[in-house]
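the sequence and its predicted three-dimensional model are supplied below.
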Amino acid sequence: MSLTSHSSTFLLPNLPTDDGPALTYALVILNQSLPKFTPLLWKHAKVHICADGGANRVFDELPGMFPHEEASEIRKRYKPYAIKGDMDSIRTDVLDYYRGLGTMIIDESQDQDTTDLNKCVTYIRDSLNPEHPNLCILVTGALGGRFDHEMGNINVICCFPSMRIILLSDDSLIQLLPSKHHHKIHIHSSVEGPHCGLIPIGMVAGRTSTTGLQWNLDNTEMRFGGLVSTSNIVKENIVTVQSDSDLLWTISIKKD
Ligand SMILES: Nc1ncnc2c1ncn2[C@@H]1O[C@H](COP(=O)(O)OP(=O)(O)OP(=O)(O)O)[C@@H](O)[C@H]1O
Ligand SMILES: Cc1ncc(C[n+]2csc(CCO)c2C)c(N)n1
């Protein structure tokens, strides 16, 4: 069984160079308040894509994160590469503005069966090197807010189990740990933890074992309607997880 490493280095001011193979980050901005660390994620990412109304957030909220600079300068500096979605939430003035700056506009209003996040992940998968083993998609505004949207966002990470996708809010992150790998999670305690959870999704998780947690699992069954590991606490710099089922890993993000 292969071992996959995970590390929230994208929350650090500088990406370490000695932390295993470098990841290439893509940033997807959803239509919710931007987390305060959005400029940091933008700096680390190679490509920046807004899901429909996510473009309104970049236009409206990013200038406020740089109160001493001209809003127009900030908007030009933080120009999305593409805006994709069913275009029912982006304002016309915002669409016109970014079209004028040369942003690619991908209107998929004919597709009312997949979410805007799904459309953006599909675009990244198909347009960037699909075999890119070190591609990691960071998604802002994915948690908190409307529960149907939150569940839709979690469903997207389950729809693309072989891609690294991390759902983010100001308070926490969520990623999928596919059962076909063992997982080694490097904890950056300056920016994340200690609260964490391991949650089965869609099925009973028959056997899960962990190390590095206050309440470790030892071939333990988890299921909705029974045990799921919430309000757990990270105790070591490395957490390991192995399971016979895909699990969601979630960890709190520290406020500074
Ligand atoms: N309140 C929210 N909570 C979590 N995610 C959200 C929320 N609002 C939007 N999103 C995410 O941002 C994406 C783009 O948002 P947008 O408002 O453009 O979507 P939408 O499909 O028009 O939504 P609606 O269901 O309101 O028509 C959504 O697909 C969803 O992934
Ligand atoms: C069973 C079922 N439930 C809901 C929708 C609606 N829906 C799901 S994704 C989407 C696009 C949002 O931008 C919309 C409208 C559907 N099509 N099928």
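Nice, I can see it. Ligands and ions are numbered 1, 2, ... in the order given.

whichever residue of the stretch 1-150 of the chain sits closest to ligand 1: what's it in contact with?
Proximity of the stretch 1-150 of the chain to ligand 1 (Cβ to the nearest ligand atom) peaks at G145, 2.6 Å away. Backbone N, C-alpha and C define where each C-beta goes, glycine included. For G145, the contact set (Cβ atoms under 8 Å, 6 or more residues apart in numbering) comprises Q32.

over to it. Which of the three states is it?
coil (DSSP: H, G, I helix; E, B strand; the rest coil).

my reading is that I154 lies in a helix. Confirm?
Yes. I154 forms part of a helix when assessed by three-state DSSP.

against L34, how distant is it?
20 Å (Cβ to Cβ, to the nearest Å).

of the two, who's got more company?
Taking other Cβ atoms under 10 Å, I154 and L34 do not tie; L34 has more neighbours (22 against 19).

so how far is L23 from the more buried one?
From L34 to L23 the distance is 22 Å (Cβ to Cβ).

how far out from the middle of the chain is stretch 180-188?
16 Å (Cα atoms, centre = their mean, to the nearest Å).

please disregard the earlier target; I meant stretch 102-118.
19 Å.

could you give the average pLDDT over it?
The predicted model assigns stretch 102-118 a mean pLDDT of 97.

contacts for that stretch next, please.
28, 30-31, 51-54, 79-88, 95, 98-99, 119, 122-123, 139, 142, 149, 152-153, 156, 159.

list the buried residues of it.
T103, E108, T115, D116, L117, N118 (16 or more other Cβ atoms under 10 Å).

what do you get for stretch 53-60?
G53, G54, A55, N56, R57, V58, F59.

which one of the residues you listed sits closest to ligand 2?
Nearest member of the buried residues of stretch 53-60 to ligand 2, counting by Cβ to the nearest ligand atom, is G53, at 9.6 Å.

any idea how far L95 is from the closest one?
11 Å.

try T114
20 Å.

circling back: helices - which of the contacts of stretch 102-118 land there?
G54, L95, Y98, R99, K119, T122, Y123, H149, G152, N153, V156, C159 (DSSP state H).

near ligand 1, which residues of the stretch 101-250 of the chain?
Counting by Cβ under 6 Å from any ligand atom, the residues of the stretch 101-250 of the chain close to ligand 1 are T115, D116, L117, G141, A142, G145, R146, H149, E150, G152, N153.

and stretch 48-58, how far out from the chain middle?
That offset, for stretch 48-58, works out to 15 Å (Cα atoms, centre = their mean).

pull up the distance across it, start to finish.
Terminal residues of stretch 48-58 lie 11 Å apart, using Cα to Cα, to the nearest Å.

does ligand 1 sit close to that stretch?
Yes. Counting by Cβ under 6 Å from any ligand atom, ligand 1 has neighbours in stretch 48-58: A51, D52, G53, G54.

mind giving me CSV with those residues and columns for pLDDT?
What follows is the residues of stretch 48-58 next to ligand 1, written out as CSV (pLDDT from 0 to 100):
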residue, pLDDT
A51, 98
D52, 98
G53, 98
G54, 98
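
what's the farthest-apart pair in the residues you listed?
The distance between the two most remote of these (Cβ to Cβ) is 7.4 Å, for A51 and G53.

alright, I will stop here.
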